[in-house]
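**Student:** Sequence and predicted structure, then a few things I'm wondering about:
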Amino acid sequence: MAAECSFDVVSKIDLAEVRNAVTQAQKEIAQRYDFKGVVAELELKEDQAIVIHAENDLKLKAVVDVLETKLVKRGVSIKNLEFGKVDPKILAAGIIGYKRAKEGHFTLYPHVKMALTDLLKMGVRMGVVSDAPRLSVWLRIVGLGLHHFFDHVVTFDDTGEKKPSPKPFQKILSLMGCEPGEAIMVGDWAERDIKGAKALGMRTAWAKYGNEFDTPVSGADFELNDIYDLVGILRKLNAAA
């Protein structure tokens with residue numbers, strides 16, 4: 001499993017020496033036999049964060065050891081560094097690169113990107129509400145190449161509650177800056193996605209093509225046999241508004 005960490009430079013030090021240490025560490029990692037053919041990288045960001053990601057925890061520790069050695073040799077105390085938070089979006093991108101090489105690609109339902117592209121052209125703003133943990137959600141979104149379509153993503157980590165609780169829906173509505181009646185929820189789980197959204201007064205569209213529960217009646221305002229059906233539905237709703 002891929003691993004990642006970041007350090008923040010927390011004291012006033014010679015950033016040129018930090019930059020030189022990172023460069024030397026990069027060169028050593030590129031040349032060392034034990035790093036050949038594996039994920040092992042580090043980078044100094046503009047915000048003075050040193051981001052490291054590796055194929056596993058063992059390689060991560062090895063990269064950190066190389067960096068710390070280079071820093072000390074250049075007179076930079078490692079006490080000037082502290083572990084920072086990892087952006088789940090960045091981490092997801094790094095892990096996806098590793099997973100693609102090991103396990104292949106995720107797959108989309110037909111016409112998903114075409115539908116999302118046309119919705120963007122129509123000026124429709126989109127977000128995601130998921131019951132999964134933040135990193136798992138971003139792994140899927142980034143892996144499918146959909147991260148550029150969504151303005152906001154709400155996960156279980158953001159509210160501590162799962163659908164049909166109103167909290168996840170309220171959170172995404174707040175982030176998107178819209179009222180329930182101005183939004184439409186698209187989901188394939190009637191008991192969670194549709195029920196929860198309707199209770200708040202949102203319009204609902206059931207992704208029938210993703211029905212894995214043999215649900216006979218969804219209770220949604222619309223049913224989608226193909227995700228592209230949503231484009232026509234929203235065109236009619238917008239024209240009637």
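**Tutor:** Right, received. Where do you want to start?
**Student:** Kindly report the domain assignment for the chain.
**Tutor:** Under the assignment named as automatic domain parsing, the residue ranges that make up the domains of the chain are 3-86, 112-240.
**Student:** Report the contact partners of Val129.
**Tutor:** Under the criterion of Cβ atoms under 8 Å, 6 or more residues apart in numbering, the neighbours of Val129 are 154, 163, 168-169, 171-172, 185. (Glycine included, C-beta is placed from N, CA and C.)
**Student:** What is the neighbour count of Lys59?
**Tutor:** By the other Cβ atoms under 10 Å criterion, the neighbourhood of Lys59 contains 20 residues.
**Student:** Does the one helix or strand it maps to pack against any helices or strands, and if so which?
**Tutor:** Under the assignment given by DSSP states H and E, the secondary-structure element containing Lys59 is helix 57-73. Using 3 or more Cβ pairs under 8 Å, 6 or more residues apart in numbering; DSSP states H and E, the elements in contact with helix 57-73 are strand 3-9, helix 15-31, strand 40-44, strand 49-54.
**Student:** Measure how that helix sits relative to strand 40-44, angle-wise.
**Tutor:** With axes from the mean of the first three to the mean of the last three Cα atoms, to 10 degrees as the basis, helix 57-73 and strand 40-44 are set at 40 degrees to each other.
**Student:** At which residues are the helices of this structure located?
**Tutor:** Assigned by DSSP state H, the chain shows helices spanning 15-31, 57-73, 88-103, 112-121, 134-143, 156-159, 166-176, 195-199, 229-240.
**Student:** nearest residue to Met66 other than its sequence neighbours?
**Tutor:** No Met there; residue 66 is Val. For Val66, the nearest residue in space outside its immediate sequence neighbours is Ala25; the separation is 4.8 Å by Cβ to Cβ, 6 or more residues apart in numbering.
**Student:** my read: that neighbour touches Asp65, true?
**Tutor:** No. Under the contact definition of Cβ atoms under 8 Å, Ala25 does not touch Asp65, with a separation of 9.6 Å.
**Student:** out of those two, which sits in the busier spot?
**Tutor:** In this view Ala25 and Asp65 are compared by other Cβ under 10 Å, and Ala25 has more residues nearby, 23 against 11.
**Student:** Name the residue closest to the centre of this structure, please.
**Tutor:** The central residue of the chain, meaning the one whose C-alpha is nearest the mean C-alpha position (Cα atoms, centre = their mean), is Trp138 at 2.3 Å.
**Student:** Can you get me a residue count around Leu224?
**Tutor:** There are 19 residues near Leu224, going by other Cβ under 10 Å.
**Student:** ok, it to His111 distance?
**Tutor:** Using Cβ to Cβ, to the nearest Å, Leu224 is found at 11 Å from His111.
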